[in-house]
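Chemist: quick check, what structure comes out for this input:
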Amino acid sequence: MYLNYSISIKAATNSMCILNFIFLLLANRLLTSWFMLAMHYLNKLCYTVAASFTAFYILSFTLVNS
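Modeler: Predicted structure coming up:
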């Protein structure tokens with residue numbers, strides 16, 4: 001149960017990052033620079049969240065199995 005929940009959170013976060021990156025590429029020539037800057041920092045935040053979920057998952061998995 002807990003394992004499935006962690007994996008689904010990680011998968012959802014990673015897919016959000018991928019969609020955000022694709023949108024960033026598609027919107028590159030259409031949007032103003034302040035919006036691009038906001039999307040850039042949103043992408044950084046997204047990957048930070050994904051990395052922290054991954055670290056939490058590895059740590060909790062190690063603690064449960066020890």
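
Chemist: helices of the chain, residue ranges please.
Modeler: 2-26, 33-65 (DSSP state H).

Chemist: which parts of the last one are buried?
Modeler: Read it as helix 33-65. 39, 43, 46, 50, 53, 57 (16 or more other Cβ atoms under 10 Å). Where you see a C-beta, it was placed from the backbone N, CA and C, and this is true even at glycine.

Chemist: which one of those is nearest residue 19?
Modeler: Nearest to residue 19 among the buried residues of helix 33-65 is residue 46, at 9.5 Å by Cβ to Cβ.

Chemist: that older thread, mean pLDDT lowest where, among the helices of the chain?
Modeler: The minimum mean pLDDT among these belongs to helix 2-26 (a mean of 67).

Chemist: distance of residue 61 relative to residue 47?
Modeler: 21 Å (Cβ to Cβ, to the nearest Å).

Chemist: residue 25 now?
Modeler: Taking Cβ to Cβ, one finds residue 25 at 16 Å from residue 47.
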